[in-house]
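Student: Fold the stuff below for me.
(chains A and B)
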Amino acid sequence: SQTIHQWPATLVQPVGSPLSLECTVEGTSNPNLYWYRQAAGRGLQLLFYSVGIGQISSEVPQNLSASRPQDRQFILSSKKLLLSDSGFYLCASITVNEQFFGPGTRLTVL
Amino acid sequence: DQQVKQNSPSLSVQEGRISILNCDYTNSMFDYFLWYKKYPAEGPTFLISISSIKDKNEDGRFTVFLNKSAKHLSLHIVPSQPGDSAVYFCAASATGDDKIIFGKGTRLHILP
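Tutor: Model (predicted):
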């Protein structure tokens, strides 16, 4: 069984500051990794997904970027945070038959 | 464009009664559907799924019904229990595409 680690659990950042959220996966190799965001009234919005090292697909235009430097590491970043970036960020390892979600990071941008 | 729609943001149901959560989808390529339960500040927990070759799948208190012609599915919880109070997400995917698209969720309140 896979385990998804995310950190930090909570983060409060000022507008305009940079962001780096890290996700690591145990218990599998070559996972398909996803970043979702849950914001008020938006449900779980797919932000990025990656099928392998260096392969990133973006679902929505936004202020964020993602990178996959290692097979089991997925990083969500921003150079300058906006108020609208506040939300609950979830990393996931997903196939149709199995879905594993991390514990999430609550980001508040002030 | 919302491909998976949950039009009820919230639902209140008396304990012991049936909870019915609805979901509509627009993408006819979707052929696998999932329901997740989510508590605040936690990741979603998988509940039940259904393939488009079926119209019903049952697991304990949870039953999912799929109406392909109407592009509609529903989750029935019976009997509803206090621990069922959570946000429920409907999700869908298409064969050959591992992406799972979620709806906005419905907050279920089970009343004592």
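
Student: Spell out for me which residue occupies the centre of chain A.
Tutor: A:W35 (3.3 Å; Cα atoms, centre = their mean).

Student: Where does that residue fall, secondary structure wise?
Tutor: In this assignment (DSSP states H and E), A:W35 forms part of strand A:33-39.

Student: Equivalent analysis for B:L75, please.
Tutor: Assigning secondary structure by DSSP H and E places B:L75 in strand B:72-77.

Student: B:N27 - how many residues pack around it?
Tutor: For B:N27, the neighbour count with other Cβ atoms under 10 Å in any protein chain shown is 14. Where C-beta positions appear, they are placed from N, C-alpha and C, glycine not excepted.

Student: Hmm, it is touching B:D97, no?
Tutor: No. Applying Cβ atoms under 8 Å as the test, B:N27 and B:D97 come out as separate, 10.1 Å apart.

Student: Name the next helix or strand following the longest strand along chain A along the chain.
Tutor: For chain A, the longest strand by residue count, based on DSSP state E, is strand A:43-52. Sequence-wise, the next helix or strand downstream of strand A:43-52 (DSSP H and E) is strand A:55-58.

Student: what comes up buried for that next one?
Tutor: By 16 or more other Cβ atoms under 10 Å in any protein chain shown, the buried positions in strand A:55-58 come out as A:I56.

Student: Would you mind pulling the contact partners of that strand?
Tutor: Contacts to strand A:55-58, defined as Cβ atoms under 8 Å, 6 or more residues apart in numbering or on different chains, come from residues A:L47, A:F48, A:Y49, A:S50, A:V51, A:S65, A:A66, A:S67, A:R68.

Student: Now, of those, which are buried?
Tutor: For the contacts of strand A:55-58, buried by 16+ other Cβ under 10 Å: A:L47, A:F48, A:Y49, A:S50, A:A66, A:S67, A:R68.

Student: got a markdown table for the residues you listed, with distance to B:L21 too?
Tutor: Shown next, in a markdown table, are these (distance: Cβ to Cβ, whole Å):
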| residue | distance to B:L21 |
| --- | --- |
| A:L47 | 25 |
| A:F48 | 28 |
| A:Y49 | 26 |
| A:S50 | 31 |
| A:A66 | 31 |
| A:S67 | 36 |
| A:R68 | 34 |
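
Student: Name all residues that make contact with B:E15.
Tutor: By Cβ under 8 Å, 6+ apart, the neighbours of B:E15 are B:P79, B:S80, B:Q81, B:P82, B:I110, B:L111, B:P112.

Student: tally of neighbours for A:G104?
Tutor: With other Cβ under 10 Å as criterion, A:G104 counts 25.

Student: can you list the residues that contact stretch B:29-37?
Tutor: For stretch B:29-37, contacts defined as Cβ under 8 Å, 6+ apart pick out A:96, A:99, B:3-4, B:21, B:23, B:25, B:44-52, B:62, B:64, B:66, B:73, B:75, B:84, B:86-95, B:97, B:100-102.
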